[in-house]
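*Asks:* could you look at this predicted model? Sequence included:
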Amino acid sequence: MDEYKIKRIEEGLTKIEFPEFEKVSSEAPVFYNPHMELNRDLSILAIQVFQKEEDREINICDLFGGSGIRGIRYKNEISGVDNVAINDISELANEYEKHNIELNDLENIEVYQHDASMFLRMKRGEFDVIDIDPFGTPSPFLDSAGYCARRNSLLCVTATDTSALCGTYKEPCIRKYNAKPYKSEYCHENGIRILAGFVALTLAKYSKCIDIKMSHSTEHYMRLYIKIEKGSKKSDESLKNMGYISHCSNCLHRQTSYGLASAIEETCPVCGEKLIHAGPLWLGNIQNREFIQKMIDETEHKKINTEKEALKLLNSCLNEATAPATFFDVHSICKSLKISAPKLDLIFEEIQNNGFIAIKTHYNPLGIKTDANIEEIKRILIQLSKE
Ligand SMILES: C[S@@+](CC[C@H](N)C(=O)[O-])C[C@H]1O[C@@H](n2cnc3c(N)ncnc32)[C@H](O)[C@@H]1O
């Protein structure tokens, strides 16, 4: 440890030290990413809400510890936490994790050095919360998480391989998530649904099913908070939420079809063009209003440096909970109509005046989640552009 110049930072109520590095990268001696503070702050809110809902002491596993900041913050800043296990395959990371535990004067945190999957398999059924925050894809670790996870536990999953999930290249997504992506204007939402679908299918092998409490796509990553329940009947039922999203790149119509092996319409019912399918993916809820409202309320009791950003995101996700899958990008539609885009507020107002839902989305400031179809939206946009 002595060979490094040490940097100290503070997040929430916690101090952390690690070897100074020039650029955030997996090459850093011990990994710390300041851009993930929002992710960690939201995790504290989500796990605290989960702990209060369960109304019992919880054990947490921080599977990819790095500097230890996540697991240490969980023990230091969440009430009702019994034990925290911090695991990392790197010996140097382990040394800093132990150092940072001492720095914050904490007990009941153990540090482990194992491959993540091996660690979960050794610790089957011991954790109430499993946090998976790896470099890139969580895919190789989800099977062991499915094996290890107990009934009524919380699984927190980060994926930073957004280009795969969003379909920049389709092969990596097929390889890692066994699903076909599609790079549409709502590809980040599709990406979250592909990741959620992959978690659901993986856990179903162990007769476990998912109930998504909150999800978001921010900067370079996607994050899911999932309550895990157990039972083969429940799992069968839950898999009925799997399906496909089909998109028409000609007229921008999109539609969902439920079922893993049911027939999917091949041509666009609006313009007759060939539809492009993405999936299998999760078509069920990806936001839970009640849980997110509790996360918002919890901000009053926590020291969260990213509070403004966190509240903006949480309020957006809260509203999205009642909206249908996918969203429309106003500029893409106006471009296809060769008209200039009317003011966003006017578009929302007019869609609602026509009796439809119109909800903003955190995925895109120009996005509209609505139950109006593409023809109705185009009609409204043309009418507004004439006024
Ligand atoms: C993205 S960093 C974790 C960041 C940390 N969770 C945080 O919030 O700052 C990923 C960590 O996983 C560790 N790691 C990589 N492969 C691993 C594996 N197979 N099993 C366990 N740890 C692994 C790396 O040493 C690195 O510290």
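*Replies:* Thanks, I have it.
*Asks:* just give me the neighbour total for the spatially closest residue to residue 114 that is not a sequence neighbour.
*Replies:* What sits nearest to residue 114 in space, not counting adjacent residues and going by C-beta to C-beta, 6 or more residues apart in numbering, is residue 87, at 5.9 Å. The way it works is simple: take the backbone N, C-alpha and C, and place the C-beta from them, glycine included. By other C-beta atoms under 10 Å, 24 other residues sit near residue 87.
*Asks:* now do the contacts for residue 87.
*Replies:* Applying C-beta atoms under 8 Å, 6 or more residues apart in numbering, we find residue 87 in contact with 61-65, 111-114, 116, 119.
*Asks:* among these, which ones lie close to the ligand?
*Replies:* Residues of the contacts of residue 87 in contact with the ligand (C-beta under 6 Å from any ligand atom): 64, 116.
*Asks:* what's the closest of the contacts of residue 87 to residue 237?
*Replies:* Of all the contacts of residue 87, residue 237 sits closest to residue 61, with 27.6 Å by C-beta to C-beta.
*Asks:* name the element that closest one belongs to?
*Replies:* Assessed by DSSP states H and E, residue 61 sits inside strand 58-62.
*Asks:* tell me the helix or strand right after that strand.
*Replies:* Taking DSSP H and E, what comes next after strand 58-62 is helix 69-77.
*Asks:* helices or strands up against that next one?
*Replies:* Packing partners of helix 69-77 (3 or more C-beta pairs under 8 Å, 6 or more residues apart in numbering; DSSP states H and E): strand 14-19, helix 37-54, strand 58-62, strand 81-87, helix 91-103, strand 109-112, strand 129-132.
*Asks:* just checking: what are the partner strands of the first one?
*Replies:* Which is strand 14-19. Applying DSSP bridges, strand 14-19 is found paired with strand 6-11 (antiparallel).
*Asks:* which residues does the strand it pairs with contact?
*Replies:* Defining contact as C-beta under 8 Å, 6+ apart, one finds that strand 6-11 is touched by 15-20, 32, 34, 37, 40-41, 69, 73, 305.
*Asks:* what's the angle from it to helix 37-54?
*Replies:* With axes from the mean of the first three to the mean of the last three C-alpha atoms, to 10 degrees defining the directions, strand 6-11 sits at 50 degrees from helix 37-54.
*Asks:* name the residues of strand 6-11 that come out as buried.
*Replies:* Across strand 6-11, burial judged by 16 or more other C-beta atoms under 10 Å covers residue 11.
*Asks:* angle of that strand against helix 91-103?
*Replies:* Angle of strand 6-11 versus helix 91-103, following the same axes, to 10 degrees, is 60 degrees.
*Asks:* can you tell if strand 6-11 touches the ligand?
*Replies:* No. Counting by C-beta under 6 Å from any ligand atom, the ligand has no neighbours in strand 6-11; the shortest distance is 9.7 Å.
*Asks:* which residues are in contact with the strand holding residue 61?
*Replies:* With contact meaning C-beta under 8 Å, 6+ apart, strand 58-62 is reached by 47, 50-51, 68, 70-71, 74-75, 80-87, 119-120, 123, 126-131, 133.
*Asks:* right, and residue 260 touches residue 241 too?
*Replies:* No. Contact between residue 260 and residue 241 fails when scored by C-beta atoms under 8 Å: they sit 10.6 Å apart.
*Asks:* neighbour-wise, which of the two wins?
*Replies:* Comparing residue 260 with residue 241 by other C-beta under 10 Å, the one with more neighbours is residue 241, at 19 against 13.
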